[in-house]
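K.L.:
Structure, please.
(one chain, ligands or ions: 1)
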Amino acid sequence: MSIAKIVVYPSSVLQATANEIENIDARVVRLAGEMAETMYAASGVGLAAPQVGVSERLIIVDVRHPKGEKELITLINPEIVELDGRIVSEEGCLSLPGIYEDVARAEQVLVRGYDLNERQREIEAEGLLAVALQHEIDHLEGVLFIDRISRLKRGIIQRRMRKLIREGLEVEEGDTRLL
Ligand code: NI
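P.N.:
Residues are numbered from 1 along each chain as shown. Below is the predicted model of the structure:
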């Protein structure tokens, strides 16, 4: 396994709709493994395939990391079946280094997808896991968390990102867990 390069905003792959995965074969298993290594190496709690430059519907989430035992969830072609409630929490994203903003999302979700053994999985989640699943599934639609905040704030962030990229991506580390 190797660690992949994380794609950062404004790369076009982050803004595209990702393709359905038709066969859960060795290539997909390898991609999921590489994504997990990449996420753990970056101290993230979630990662979507477009973030490693692959426009396919695969996400991984581990909200336990780094505090407890690893509890990795891998979902292929995930879909949100139900949403309920509302929660506002600060989000960060491995593809938007140094950017942290409050985002409103559903507090509870029911998500359906397939695991690497081609078994259908249903996950009922709340709190951070619910936020992480919504954030990662958004990535598959080409939606970033800055698309869910005000236009004014988004404009400020876009200028800051351009400046960061010009200056070589030296970013401040925050406490928010990266998705
Ligand atoms: Ni993200």
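K.L.:
Against residue 28, how distant is the closest residue to the ion within the chain?
P.N.:
Each residue of the chain has a distance to the ion, by Cβ to the ion, and the smallest belongs to residue 93, at 3.2 Å. C-beta: built from backbone N, CA, C; applies to glycine. When distance is defined by Cβ to Cβ, to the nearest Å, residue 93 is 23 Å away from residue 28.
K.L.:
Those two: which has the busier surroundings?
P.N.:
In terms of neighbours (other Cβ atoms under 10 Å), residue 93 is the more surrounded of residue 93 and residue 28; the figures are 28 against 20.
K.L.:
That one against residue 179, yeah?
P.N.:
Yes: the pair residue 93 / residue 179 is scored as a contact, 5.5 Å apart, by Cβ atoms under 8 Å.
K.L.:
Overlap of the contact sets of those two?
P.N.:
135, 145 (Cβ atoms under 8 Å, 6 or more residues apart in numbering).
K.L.:
Figure out the helix or strand that the residue most central in space within the chain lives in.
P.N.:
Central residue check for the chain by Cα atoms, centre = their mean: the C-alpha nearest the mean position is that of residue 136, 3.4 Å away. Per DSSP states H and E: residue 136 is located in helix 127-140.
K.L.:
That'll do, ta.
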